[in-house]
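[1] Sequence plus predicted model, see below.
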Amino acid sequence: MRILHTADLHLGRMFEGISLEADQAAILDQIRAAVREHKTDVLVIAGDIFDRAVPPASAVRMFNSFLSRIVQETDAAIVMIAGNHDSADRIESMAILPDRARVLVRGAVRADEEPLILLDEAGPVAFSALPFAYEHAAQECFGDTNITTPHDVLAAQAVAARETVPEGARWVVLAHAFVAGGEVGDTERPLTRVGGIETVPSEVFSGAHYVALGHLHRPQQVGAPHIRYSGAPLAYGFDEAGGQKSMTLVDLDGAGKVSIETLPFRPIRDVRILRGKFTELLQNPPSEDFIKVVLTDEALVIDGMKRLREVFPNACKLTYERRDRATETKALAARPSAVADPVEVVNNFLSEVRGEGVSPPEVEILADALRRIAKEEARQ
């Protein structure tokens, strides 16, 4: 049986205030094309379909259209779950999709976790969809007040699901969790309250032949080759710049062994970090990519962000390498640092807040204000 595994679509999300609607529409088109091209039997989406519980109407329409085309244009079954960014009720409502024999949607946790059973030439394959749930919801669902951690939640779900798997069937599990050993990035939202332990051991999936995970945004295996994150299809932070995003194509044989191939996504805009002298960077070809610029210039560049955006309209951040070095040095130094130049302090503040440093007229205003302050202090 051939499975296409993806997760963490985060539809409706923005990148540094810039809409990603076109980028995400292109990703959904690539998933749909992969389902057709690779003759996929099952499409699995392991949570965080939307970026927030109440997503923009345009994101909902986009996803509904995507599902409809998968159903109409392919024979693939669909299995999907809610993640921690999703509204469980909203995802659960999608269970009204036609043809229950090929669709399994789980938004809310349940104690009677019935799988979707699909058949291939080797026999049955059971798909268990374990949606993300917080501890209080799992306590109510399972009637167990001892459920106090994400591990407890997922362990209770796994036990309930395991009991409904037919004897001799191969077992595929979907879950949205932080499995111990996974590499986390800067854009994943914590799955527990401050101070809680959010990781779960991979052993909780004992008996499963493939585990399709969501939550961590980098494609990776954890614990064993058959326990895998597909990763998010787009980079949502500059910590992911240069990383290859992919969906996971899984072939499950009659004995339950899996072979895995990653299919790269082709984003319409990349996330990049450019480093160098200001005048040199301006010579780069124009680009719509999301750009973070790290300048190696010693002197501050006036209107740097404004001028950069003439070449890179989606430039999002501007920093100075020497300032970053100074910050690191100050953090490590045992002795007090020198008093900062007031103009540079204001320049740094404005660069962070509005993306541009002080302009020449603003420098004059600052200088005049500093002169007045100096005169007042001299009188005292």
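    Noted; the coordinates are in hand.
[2] Please count neighbours and contacts with C-alpha atoms only from this point.
    Will do.
[3] Name the helix or strand of the protein that has the lowest mean pLDDT.
    Averaged element by element with mean pLDDT, DSSP states H and E, the chain has its least confident helix or strand at helix 321-332 (a mean of 55).
[4] Tell me the helices and strands packed up against the host helix or strand of Ser65.
    Applying DSSP states H and E as the criterion places Ser65 in helix 57-73. Where contact means 3 or more Cα pairs under 8 Å, 6 or more residues apart in numbering; DSSP states H and E, helix 57-73 is packed against helix 21-37.
[5] Direction included, what does the helix or strand following the helix it packs on pair against?
    The helix or strand immediately downstream of helix 21-37 is strand 42-46, counting by DSSP H and E. The pairing partners recorded for strand 42-46 under DSSP bridges are strand 2-6 (parallel), strand 77-81 (parallel).
[6] Low-confidence regions, the chain specifically.
    Filtered on pLDDT under 70, the chain yields the residue ranges 95-100, 192-196, 323-344, 347-361, 363-364, 367, 371, 374-380.
[7] What's the first helix or strand after the helix or strand harbouring Ala160?
    For Ala160, the host element (DSSP H and E) is helix 150-162. Once helix 150-162 ends, the next helix or strand along the chain (criterion: DSSP H and E) is strand 170-176.
[8] now that next one: how far from the chain's centre is it?
    For strand 170-176, the separation from the chain centroid amounts to 20 Å (computed by Cα atoms, centre = their mean, to the nearest Å).
[9] Then stretch 66-75?
    Chain-centre distance of stretch 66-75: 24 Å, with Cα atoms, centre = their mean.
[10] Buried ones in that stretch, by neighbour count?
    Residues 66-67, 70-71 are the ones in stretch 66-75 that count as buried (16 or more other Cα atoms under 10 Å).
[11] before we move on, what about stretch 203-212?
    Across stretch 203-212, burial judged by 16+ other Cα under 10 Å covers 204-205, 208-212.
[12] Reformat those as TSV; add distance to Glu113 and secondary structure.
    Below are these laid out as TSV (distance: Cα to Cα, whole Å; DSSP: H, G, I helix; E, B strand; the rest coil):
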residue	distance to Glu113	secondary structure
Val204	16	helix
Phe205	15	helix
Ala208	15	coil
His209	18	coil
Tyr210	17	strand
Val211	16	strand
Ala212	17	strand
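[13] Do you have the strands of the stretch 151-300 of the chain handy? List them.
    Remark: strands assigned in the stretch 151-300 of the chain by DSSP state E, counting those that start in this stretch are 170-176, 178-179, 199-200, 210-214, 220-222, 224-229, 246-252, 258-264, 271-276, 290-295.
[14] quick one, which of those strands is packed in tightest?
    Across the strands of the stretch 151-300 of the chain, the average number of neighbours (mean count of other Cα atoms under 10 Å) peaks for strand 210-214, which reaches a mean of 28.
[15] which residues touch it?
    Applying Cα atoms under 8 Å, 6 or more residues apart in numbering, the contact partners of strand 210-214 are 5-8, 44-48, 83, 171-177, 205, 226-231, 258.
[16] got a markdown table for the strands paired with strand 42-46, with distance to Arg269 and mean neighbour count too?
    As requested, the strands paired with strand 42-46 are exported to a markdown table (distance: least, Cα to Cα, whole Å; neighbours: other Cα atoms under 10 Å):
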| stretch | distance to Arg269 | mean neighbour count |
| --- | --- | --- |
| strand 2-6 | 20 | 26 |
| strand 77-81 | 27 | 25 |
